[in-house]
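*Asks:* Quick one, structure for this:
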Amino acid sequence: MTTTSPSTGPVSPTTSRLRPLPHGALRLTGGYWGEWQERNGSVVLRHCEDWIERIGWAGNFDGAATGEEFTHAGIEFVDSEVYKLLEAMAWELGRTGDPELAERYERLVDRVAAAQDDDGYLHTAFGRPWQRPRWSDLEWGHELYCMGHLIQAAVARLRTAGSGGLVDVAVRVADHLVGVFGDGGREAVCGHPEIEPALVELGRATGDHRYVRLAQLFIDRRGNGLLGPIAFGPEYFQDDLPVRQAGVWRGHAVRAMYLAAGAVDVAVETGDAELVAAVERQWANTVATRTYLTGAMGSHHQDESFGADFELPPDREYGETCAAIASNMVSWRLLLETGESKYADLIERTLYNAMMVAPREDGRAFFYANTMHQRVEGAAPPEDDLSARALSSLRAPWFEVSCCPTNLARTLASVESVFATMTDDGLQLHQYGDYDVDATLPGGATAAFRVCSGWPTAGTVSVEATAASGTPVALRLRVPSWASEAVLETPDGTRSVDGARSVDGTRSVHGEDTVTVVRTFAVGDRVTLTVPVAARLTVPDPRIDAVRGTVAVERGPLVYALESTDLGRDVGDVVVQPGSDPLDDGPDAVRMRVRQRTVHRVGPLPYGDPDVQETEPETVRLVPYATWGNRGPSTMRVFLPVA
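*Replies:* Numbers count the residues shown, from 1 in each chain. Presented below is the predicted three-dimensional model:
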């Protein structure tokens with residue numbers, strides 16, 4: 001099968017205000033994201049592959065292919081981890097063409113294909129005489145969820161190679177689903193959304209609108225009580241309200257945002273402005289009331305869910321890595337549809353903090369849940385054992401539920417896809433780093449630029465033309481919402497830019513969120529955007545009870561943390577010296593004036609009038625939050641009480 005839509009990244013709307021660049025038109029050349037993408041390709045993918053082989057998750061497909069009874073390894077949805085790994089491999093192959101990786105990829109695809117039933121159904125935990133029947137546990141079985149990840153993996157291969165064995169498998173799966181759940185079929189939904197965006201993307205890639213129609217049915221059915229009752233209530237599945245009626249994301253965080261991503265996809269393909277507006281409203285309300293400073297979402301451990309408005313405890317934060325990735329999936333779709341920079345702002349915040357806190361520096365261990373206040377040091381988990389999913393004392397090599405490492409792998413393999421977009425006459429740069437862009441705009445102009453910056457620790461972005469544009473090109477650069485000001489230098493002169501806007505976009509906005517240079521570029525023409533990257537204090541909304549009376553430190557797009565490794569003792573009793581401002585300390589660290597507070601109790605309960613003593617002020621070092629825990633067990637906190 002050959003693609004009928006443009007070869008792009010994971011998201012390719014048929015029509016949108018901003019268009020994704022063709023696959024390969026933007027190439028990372030180094031810097032933060034280039035180094036991590038290389039590490040992902042050389043380390044993370046192999047690490048994930050080794051673990052799914054070792055613990056039998058890939059072997060489930062071998063057992064299913066024999067037709068004989070076998071013991072299924074892992075929880076019901078481990079098929080999806082194999083599929084996410086295959087998606088990551090496909091994007092990496094599209095980038096490098098590595099022949100050794102190609103061999104590994106094809107061997108794994110062959111094993112998956114061998115397990116597919118004659119009618120197209122494919123799941124290793126259901127449907128055989130000794131297993132539960134197909135579609136018998138839509139609440140928890142994750143059958144459609146797994147098939148969604150299979151389809152997304154196939155779309156990645158379709159867009160990087162044009163065809164492949166996994167594409168044929170996915171089309172057969174999708175055709176089977178149309179027959180079972182399409183018009184006139186079973187009226188049902190999956191307990192874990194994911195099939196919806198996958199079906200839309202397959203429809204876009206193949207030109208077969210039946211898949212988009214099935215996704216539309218799943219979106220319209222949601223919220224009508226089709227899933228059975230559970231202890232967490234129907235909002236856990238987002239089955240309490242139709243998507244169009246919901247005002248905020250609620251319930252299980254990853255489920256909520258995968259559903260929202262699918263809703264935007266369906267709305268764009270069907271011209272449903274009401275549905276897009278519903279997701280825009282949910283995004284704005286959730287960002288304003290249910291989002292952590294890092295961009296993380298989900299404050300409840302028990303059900304991995306959003307809490308109530310302003311229920312954002314840092315020490316009990318769940319902040320699942322997959323939720324950060326899902327948040328960016330929605331924001332990217334809304335950015336493409338609306339062109340509004342507030343979505344790129346949240347993507348930046350979430351990428352650098354809520355997502356990249358997950359991997360250890362060597363790419364061989366991960367957080368699943370991401371706290372912002374570690375009260376006890378914990379212990380380093382064994383390098384060769386499975387860990388519980390919410391372990392947060394240190395990163396673990398693998399989990400009993402390891403959705404996050406493979407999700408991170410597929411995201412890093414295609415991370416450059418959210419850096420830039422194009423319109424008929426222009427190129428828009430949303431994220432900064434080191435990369436080359438070489439694209440032909442729909443209007444015919446050449447957009448070829450080399451982008452260099454020290455992001456995220458330095459605030460200068462240099463954009464140099466590497467080919468003549470031929471006709472005028474509108475080059476648009478995002479001014480980050482955290483920037484108080486900016487300076488734009490062009491071949492025609494220099495001008496100042498007013499910054500300082502609201503991050504969530506729901507309150508009054510002043511200043512510019514983008515700057516645009518329109519010219520016929522010649523080779524060597526340079527545009528430079530400079531924003532001050534200086535440490536700053538951030539005060540939480542007073543309605544967030546858990547952090548009232550505290551401050552946090554940010555620098556550029558990075559959130560900073562105090563770690564006991566630098567303090568030399570526990571972080572629990574540190575208070576900020578009143579009137580102190582953070583000071584820059586090199587390219588990736590800041591310093592703060594703090595005191596050590598000691599509390600002596602005079603009664604049996606932790607209440608009353610305690611004897612409080614404070615030491616003389618001292619200056620301590622803070623590090624980027626995403627790097628915490630890389631130097632061994634430690635305590636850590638982001639929000640610091642003010643003395």
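
*Asks:* quick one: contacts for Tyr625?
*Replies:* By C-beta atoms under 8 Å, 6 or more residues apart in numbering, the contact set of Tyr625 is 294, 353, 357, 372, 558-561, 638. C-beta: built from backbone N, CA, C; applies to glycine.

*Asks:* Trp140 now?
*Replies:* Trp140 neighbours (C-beta under 8 Å, 6+ apart): 76, 191.

*Asks:* returning to that earlier point: quick one: the contacts of Tyr625 as a markdown table, columns for neighbour count, distance to Val590 and pLDDT too.
*Replies:* Below are these laid out as a markdown table (neighbours: other C-beta atoms under 10 Å; distance: C-beta to C-beta, whole Å; pLDDT from 0 to 100):
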| residue | neighbour count | distance to Val590 | pLDDT |
| --- | --- | --- | --- |
| Thr294 | 28 | 16 | 98 |
| Asn353 | 29 | 15 | 98 |
| Val357 | 26 | 17 | 98 |
| Met372 | 28 | 17 | 97 |
| Leu558 | 25 | 9 | 97 |
| Val559 | 25 | 11 | 98 |
| Tyr560 | 27 | 6 | 97 |
| Ala561 | 29 | 10 | 97 |
| Val638 | 28 | 13 | 98 |
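
*Asks:* Specify which member of the residues you listed is nearest to Gly307.
*Replies:* Met372 (14.2 Å; C-beta to C-beta).

*Asks:* That closest one and Glu317 touch, don't they?
*Replies:* Yes: look at Met372 against Glu317 with C-beta atoms under 8 Å: they come within range, at 5.4 Å.

*Asks:* which regions of the chain sit below the pLDDT cut-off?
*Replies:* 1-6, 390-392, 499-511 (pLDDT under 70).

*Asks:* give the contact list for Asn60.
*Replies:* 70, 72-74, 78-79, 115, 124-125.

*Asks:* can you give me the helices for the stretch 451-600 of the chain?
*Replies:* 564-567 (DSSP state H, counting those that start in this stretch).

*Asks:* and if you look at the stretch 51-200 of the chain?
*Replies:* 59-66, 79-96, 99-114, 143-161, 165-181, 195-206.

*Asks:* Quick one: those as CSV, columns for distance to Gly228 too.
*Replies:* Converted to CSV, the helices of the stretch 51-200 of the chain look like this (distance: least, C-beta to C-beta, whole Å):
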stretch, distance to Gly228
helix 59-66, 26
helix 79-96, 22
helix 99-114, 30
helix 143-161, 15
helix 165-181, 17
helix 195-206, 18
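
*Asks:* what helix or strand is the residue nearest the centre of the chain on?
*Replies:* Residue closest to the average C-alpha location in the chain (C-alpha atoms, centre = their mean): Ile325, at 1.8 Å. Ile325 belongs to helix 321-338 when assigned by DSSP states H and E.

*Asks:* how far off helix 195-206 does that helix point, in degrees?
*Replies:* 50 degrees (axes from the mean of the first three to the mean of the last three C-alpha atoms, to 10 degrees).

*Asks:* mind listing what Gly579 touches?
*Replies:* Per C-beta under 8 Å, 6+ apart, neighbours of Gly579: none.

*Asks:* For Arg593, see how far away it is.
*Replies:* 9 Å (C-beta to C-beta, to the nearest Å).

*Asks:* cool, Val487 as well?
*Replies:* Relative to Arg593, and taking C-beta to C-beta, Val487 is found at 30 Å.

*Asks:* do Arg132 as well
*Replies:* From Arg132 over to Arg593 (counting by C-beta to C-beta), the distance is 61 Å.

*Asks:* related to what we said a few turns ago, which helices and strands does the next helix or strand after the helix holding Ile325 pack with?
*Replies:* Later in the chain than helix 321-338, the nearest helix or strand by DSSP H and E is helix 341-349. When contacts are defined as 3 or more C-beta pairs under 8 Å, 6 or more residues apart in numbering; DSSP states H and E, helix 341-349 sits against helix 321-338, strand 473-478.

*Asks:* Name the next helix or strand downstream of helix 341-349, please.
*Replies:* strand 373-374.

*Asks:* on contacts alone, who are the packing partners of that following strand?
*Replies:* Contacting strand 373-374 under the criterion 3+ C-beta pairs under 8 Å, 6+ apart are the following elements: strand 636-637.

*Asks:* isn't Gly524 right up against Ala468?
*Replies:* No: if you go by C-beta under 8 Å, Gly524 and Ala468 don't touch, sitting 9.8 Å apart.

*Asks:* Looking at these two, which has the bigger crowd around it?
*Replies:* Legend: neighbour count by other C-beta atoms under 10 Å for Gly524 and Ala468, higher for Ala468 (15 against 10).

*Asks:* From Phe70, how far off is the more buried one?
*Replies:* 61 Å.

*Asks:* do Glu464 as well
*Replies:* Glu464 is 58 Å from Phe70, by C-beta to C-beta.

*Asks:* just Ala278 next, same as before
*Replies:* 44 Å.

*Asks:* Compare those two (neighbour count), which wins?
*Replies:* When Ala278 and Phe70 are compared for neighbours, Ala278 comes out ahead with 21 against 18, by other C-beta under 10 Å.

*Asks:* The more buried one should be in a helix, yeah?
*Replies:* Yes: checked against DSSP: H, G, I helix; E, B strand; the rest coil, Ala278 lies within a helix.

*Asks:* dump the residue contacts of Thr619.
*Replies:* Contacts of Thr619 by C-beta under 8 Å, 6+ apart are 583, 591-594.

*Asks:* Just checking: what are the partner strands of the host helix or strand of it?
*Replies:* Using DSSP H and E, Thr619 sits in strand 618-624. For strand 618-624, the paired strands and their directions (DSSP bridges) read strand 558-563 (antiparallel), strand 590-600 (antiparallel).

*Asks:* Tell me what angle the first one forms with helix 341-349.
*Replies:* The one in question is strand 558-563. Going by the same axes, to 10 degrees, strand 558-563 makes 30 degrees with helix 341-349.

*Asks:* where does strand 558-563 sit relative to the chain's centre, distance-wise?
*Replies:* Distance, stretch centre to chain centre, for strand 558-563: 20 Å (C-alpha atoms, centre = their mean, to the nearest Å).

*Asks:* pull the CA atoms of that strand into CSV?
*Replies:* The C-alpha atoms that make up strand 558-563 are tabulated as CSV, following Å, rounded to 0.1, in the frame of the first residue of the first chain:
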residue,chain,number,x,y,z
LEU,A,558,13.1,25.4,32.7
VAL,A,559,11.7,24.8,36.2
TYR,A,560,14.4,24.5,38.9
ALA,A,561,14.6,22.4,42.0
LEU,A,562,16.5,22.3,45.2
GLU,A,563,18.1,18.9,45.8
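
*Asks:* contacting residues around that strand?
*Replies:* 293-294, 352-353, 372, 456-457, 535, 552-554, 571, 574, 582, 590, 592, 594, 620, 622-626, 628-629, 631, 634-638, 640.
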